[in-house]
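J.: what's the 3D shape of this:
(one chain, ligands or ions: 2)
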Amino acid sequence: MTAVSESVSLERVQEAGVDVALVVVDNPPVNALSWHVRQGLFDAMTQAVADGAQAIVVICAGRTFIAGADISEFGGGAPQAVGLQEVQAAMEDAPVPVIAAIHGTALGGGLEVALCAHYRVAVASAKLGLPEVNLGLLPGAGGTQRLPRLVGVPKALEMMTSGRHVSSAEALGDGLVDDVVDGDVDALRAAAVSFAARAVTEAMPLLRVRDRDDKVADAKGDEQLFADFRASIARKTRGFLAPEYNIRCIEAAANLPFDEGLAVEGKLFLELMTGPQSAAQRYAFFAERAANKIPDIPKDTPLIDVQRVGVLGAGTMGGGIAMNFANVGIPVTIVERDQASLDRGLAVVRKNYERSRSNTAEMVEQRMALITGSTDKADFADCDMVIEAVFEDMELKQSIFRELDEICKPGALLASNTSALDIDEIAAVTSRPESVIGMHFFSPANVMKLLENVRGAKSSDSVVATTMAIGKKINKVCVMVGVCPGFVGNRMLFMRGAEAERMILEGATPAQVDSVLYEFGFPMGPFSMSDLAGLDIGWKEESSSSSTIREILCENGRRGQKNGRGYYTYDPDTRAATPDPEVEQLIKDFAIGKGIEQREISDQEILERLLYPMVNEGAKILEEKIAIRGSDIDVVWVNGYGWPLYRGGPMHWADSIGLAEIVDKITGYSESLGGKHWDLSPLLAQLAADGGQLQTYTS
Ligand code: 3HC
Ligand code: NAI
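T.: Ligands and ions are numbered 1, 2, ... in the order given. Have a look, this model is predicted:
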């Protein structure tokens, strides 16, 4: 084996009398296309051909094929090296067969490299995809022109606008790979070498994807195909630039010669790469991964081996929480207070499984078989962790944790799904506060990506590390936060809510407030959200005293979407919301009664008053060390509260506006409006003065 660069080496083997060169990439952790990989690939290809190899296999060491361009090189700073296009040309134009041997994930630039081989062989477990769209980008190394030529336009549209990874079997069906091999990377290597030898002995053609047009011919000039596709993803991709740009490139692939299509790709790629959306999305990618790291918890901290999970309460949250574990094959014991509640809860779980189109009847039964219902907490005795999801009531939670302390085996992890209560107060009633932690799931718990883990003062290292690891296992995006009312997400949400309430008394309508947030990119504003959740949560007719707009609405029979009337009126058939003059009058009367003068409020003022208090609160959260990093706060807001990904999160967004400007505005609002949430965070003031950033701040 000869080293060609620090990450690429060259080997020679004989197979059935054929001289095969193996170009091996070894750039852990994911074999990203760093400059030395590109240089090494180019040099190795050139050398293999010069040395007279009759065929070449490109294969990777470690856990995966090339998983894409090196995202950390984007934005400059990396040494100059040969460009990816030159590497690709060296493969595509090689005078001997080139075979890409794929295991793990061939993603982005990695798949684009593989698309320049003449043939592709993959192991059965491999995944392939062009996920650039998730980074606010499009495949910029010819992928937009080559993928449609191999799999056809409809499939390319779906893959590139979703970023979905397809399995080897699916890739084989679509012509994206030529052979699938059972077994591990050694089996792959043997199969790829044997494929290469066959390509020589059978004089197989050196197929260049760029030369093919058969699979794009049908879509040429078919504007309707693209219009229909755009309409089908419009709702999901609202506000994002990258999906549309990916579509335009595929249109070019269908309508233009290869090189002209490539030019379109290059131009649009550059536009995205230098724009704010991709910067935000790339930031979010690294922020999510940084959030997994807890500085004072050593990497080798022993984890609790979680073989069986207990969930207490089968209500809105408990059922969804149980589903997360069953989905990854972990058995769950779910306990309710009585048989009727248990039956109701389990029926909802079953219905949710049945409703999901990706579940076959067999999968539904397999998952349900992993969930055992009970009305006896003693059945938690053999669970390695128990998550409590009963009503939000401190006394109830404490009494339950006393019981869990008696029942659960030593070392079992005891978690609460409380959305705002003090984890330390809950832990204090047990004899093992080191085993207690918060695991704050979001509703619907089987769908929402965020898991806000809440570290108690006494939570042990092992308990902290296990909650993060198990969260990753059930496919959540995890953030570790500290104890304070509302933790990170809800604490900031309260600030936004306070100003929203204020502004409708000052003259903005609920629809205006909601539309400002919707236009910013949130899926909905606070008043639509309240209608969806139900205005009568926690409301009691007998104690209602007309002291808030919400109470007044409930008193007037407006309970939200559930009875078709809330802040809005809802069409019984379509559920479309319409602003209601009756509501506006109720608000006006209430404001007059309170002596509040109504005026016109600009959209800009609404946006600032909704979001700047959140930025301010985020800075206070960092000051208090409730969040580890500014970027963790952004991970919470993007994954749990619908903050538009293409704006990075409140901390990233604040930095992009400029902290000095935000401090000015907060100071002004504090003087004119008052309220604790407008008291300027000293940290924010300091960062603004020093030219610092919130997104890179570490507490
Ligand atoms: N560039 C640089 N670093 C990368 C990277 C990349 N493309 N992909 C992953 N990493 C790093 C991560 O930051 C992480 O670093 P850390 O350990 O220091 O935190 C480490 O590799 C491991 O990553 P994960 O924790 O995500 O590992 P998983 O095993 O969970 O997932 C993966 C592996 C599926 C490959 C996932 O990392 C992934 O989705 N990566 C991004 C793939 C991608 O988007 N590729 C396209 C890049 S853009 C492109 O290619 C442009 C081209 O068209 C020109
Ligand atoms: P829920 O009212 O839908 O469900 C609670 C369930 O607990 C009920 O089915 C009830 O029968 C059961 N229960 C009550 N006492 C019990 C006992 N002693 N033993 C066994 N079961 C008992 O409530 P929800 O919404 O699921 O909330 C549960 C917890 O999750 C609360 O702490 C809440 O703050 C938190 N949470 C709720 C979110 C939401 O959006 N609903 C989001 C995040 C957290």
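J.: For the rest of this, base every contact and every neighbour count on C-alpha atoms.
T.: OK.
J.: does residue 364 sit in a helix or strand, and which one?
T.: Per DSSP states H and E, residue 364 falls inside helix 361-369.
J.: looking just at contacts, which helices and strands does that helix meet?
T.: For helix 361-369, the elements it packs on are helix 316-327, helix 339-355, judged by 3 or more C-alpha pairs under 8 Å, 6 or more residues apart in numbering; DSSP states H and E.
J.: To ligand 2, which of the ones you listed lies closest?
T.: Each of those has some distance to ligand 2 by C-alpha to the nearest ligand atom; the shortest is helix 316-327, at 3.6 Å.
J.: follow-up on the earlier one: of the helices and strands packed on helix 361-369, which stretch is the most buried?
T.: helix 316-327 (a mean of 24; mean count of other C-alpha atoms under 10 Å).
J.: what residues does that one touch?
T.: If you take C-alpha atoms under 8 Å, 6 or more residues apart in numbering as the criterion, helix 316-327 is touched by 309, 311-313, 331-332, 334, 345-346, 348-349, 367-368, 370-371, 388-390, 441-446, 474.
J.: right, and residue 681 touches residue 616 too?
T.: Yes - between residue 681 and residue 616 there is a contact under C-alpha atoms under 8 Å: 5.9 Å.
J.: The two: who's more crowded?
T.: Neighbours per residue (other C-alpha atoms under 10 Å) separate residue 681 from residue 616, with residue 616 holding more: 27 against 21.
J.: would you say that one is within a strand?
T.: No - under DSSP: H, G, I helix; E, B strand; the rest coil, residue 616 falls outside any strand and is assigned helix.
J.: tell me the contacts of it?
T.: Residue 616 touches 677-678, 680-681, 684, counting by C-alpha under 8 Å, 6+ apart.
J.: Quick one: which of those residues is the most crowded by neighbours?
T.: residue 684 (25 neighbours).
J.: which element is it on?
T.: Residue 684 belongs to helix 682-690 when assigned by DSSP H and E.
J.: Can you show me the CA trace of that helix as PDB?
T.: Taking C-alpha atoms only, helix 682-690 is exported to PDB below (Å, rounded to 0.1, in the frame of the first residue of the first chain):
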ATOM      1  CA  PRO A 682     -25.700  42.600  31.300                       C
ATOM      2  CA  LEU A 683     -24.100  39.900  29.200                       C
ATOM      3  CA  LEU A 684     -25.900  41.200  26.100                       C
ATOM      4  CA  ALA A 685     -24.800  44.700  26.800                       C
ATOM      5  CA  GLN A 686     -21.200  43.500  27.200                       C
ATOM      6  CA  LEU A 687     -21.200  41.400  24.100                       C
ATOM      7  CA  ALA A 688     -22.600  44.400  22.100                       C
ATOM      8  CA  ALA A 689     -19.900  46.700  23.500                       C
ATOM      9  CA  ASP A 690     -17.100  44.200  22.900                       C
END
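J.: Tell me the buried residues in that helix?
T.: Across helix 682-690, burial judged by 16 or more other C-alpha atoms under 10 Å covers 683-685, 687-688.
J.: Also stretch 26-36?
T.: Residues 26-27, 30-36 are the ones in stretch 26-36 that count as buried (16+ other C-alpha under 10 Å).
J.: hmm, that stretch in reach of ligand 1?
T.: Yes - among the residues of stretch 26-36, 29-30, 32 lie within reach of ligand 1 under C-alpha under 6 Å from any ligand atom.
J.: is it fair to say residue 195 lies in a helix?
T.: Yes - remark: residue 195 belongs to a helix, assigned using three-state DSSP.
J.: ok, now how distant is it from ligand 2?
T.: Using C-alpha to the nearest ligand atom, to the nearest Å, residue 195 is found at 53 Å from ligand 2.
J.: Then residue 170?
T.: Counting by C-alpha to the nearest ligand atom, the gap from residue 170 to ligand 2 is 37 Å.
J.: Measure how buried that residue is and give me the count.
T.: If we define neighbours as other C-alpha under 10 Å, then residue 170 has 14 of them.
J.: How about the one 5 residues further on?
T.: Residue 175 is flanked by 15 other residues according to other C-alpha under 10 Å.
J.: and it, what does it touch?
T.: 150-151 are the contacts of residue 175 under C-alpha under 8 Å, 6+ apart.
J.: Now it. Its backbone dihedrals?
T.: Main-chain torsions, residue 175, degrees, to the nearest 10: phi 90, psi 10.
J.: And it, how far from residue 185?
T.: 21 Å (C-alpha to C-alpha, to the nearest Å).
J.: about what we covered before: closest one of the buried residues of helix 682-690 to ligand 1?
T.: Looking across those and measuring by C-alpha to the nearest ligand atom, the closest to ligand 1 is residue 687, at 26.2 Å.
J.: Find the nearest non-adjacent residue to that closest one, please.
T.: In this structure, residue 687 finds its nearest non-sequential neighbour in residue 693, 6.3 Å apart by C-alpha to C-alpha, 6 or more residues apart in numbering.
J.: ok, how many other residues are close to the residue of the stretch 301-450 of the chain found nearest ligand 1?
T.: Residue nearest to ligand 1 within the stretch 301-450 of the chain: residue 449 (14.6 Å; C-alpha to the nearest ligand atom). Close neighbours of residue 449, defined as other C-alpha under 10 Å, add up to 21.
J.: what do you get for residue 258?
T.: 19.
J.: ok, now which ones touch residue 212?
T.: By C-alpha under 8 Å, 6+ apart, the contact set of residue 212 is 149-150.
J.: what about it, distance to residue 257?
T.: According to C-alpha to C-alpha, residue 212 and residue 257 sit 11 Å apart.
J.: beta partners for the closest residue to residue 621 other than its chain neighbours?
T.: With sequence-adjacent residues excluded and distances taken as C-alpha to C-alpha, 6+ apart, residue 621 is closest to residue 627, at 6.2 Å. Beta-bridge pairing for residue 627 (DSSP bridges): residue 481.
J.: okay but residue 627 is in contact with residue 488, surely?
T.: Yes - using C-alpha under 8 Å as the test, residue 627 is close enough to residue 488 to be in contact (7.1 Å).
J.: Common neighbours of the two, please.
T.: Common neighbours of residue 627 and residue 488, using C-alpha under 8 Å, 6+ apart, are 481, 621, 633.
J.: how many neighbours does the residue in the stretch 101-250 of the chain that ligand 2 sits nearest to have?
T.: Using C-alpha to the nearest ligand atom, the single residue of the stretch 101-250 of the chain nearest to ligand 2 is residue 236, 22.2 Å away. Residues lying near residue 236 (other C-alpha under 10 Å) number 10.
J.: give me the element it is part of.
T.: Using DSSP H and E, no helix or strand contains residue 236.
J.: if I look at it, how far off is residue 243?
T.: 10 Å.
J.: Near ligand 1, which residues of the stretch 51-200 of the chain are found?
T.: 67-72, 107-109, 131-132, 139-141.
J.: In space, what's closest to residue 67 - neighbours in sequence excluded?
T.: Closest to residue 67 by C-alpha to C-alpha, 6+ apart is residue 107, at 4.6 Å.
J.: make that residue 353, sorry
T.: That would be residue 364: by C-alpha to C-alpha, 6+ apart, it lies 5.9 Å from residue 353.
J.: Please give me every residue in contact with residue 279.
T.: Residues in contact with residue 279 (C-alpha under 8 Å, 6+ apart) are 136, 273.
J.: Can you give me the buried ones in the helix or strand hosting it?
T.: Assigned by DSSP H and E, residue 279 belongs to helix 276-291. Buried residues in helix 276-291, counted by 16+ other C-alpha under 10 Å: 276-284, 287-288, 291.
J.: before we move on, back to that, how about the helices and strands packed on helix 361-369 in JSON lines, adding distance to residue 544?
T.: Putting the helices and strands packed on helix 361-369 into JSON lines (distance: least, C-alpha to C-alpha, whole Å) gives the following:
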{"stretch": "helix 316-327", "distance to residue 544": "25"}
{"stretch": "helix 339-355", "distance to residue 544": "28"}
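J.: Okay then, goodbye and thanks.
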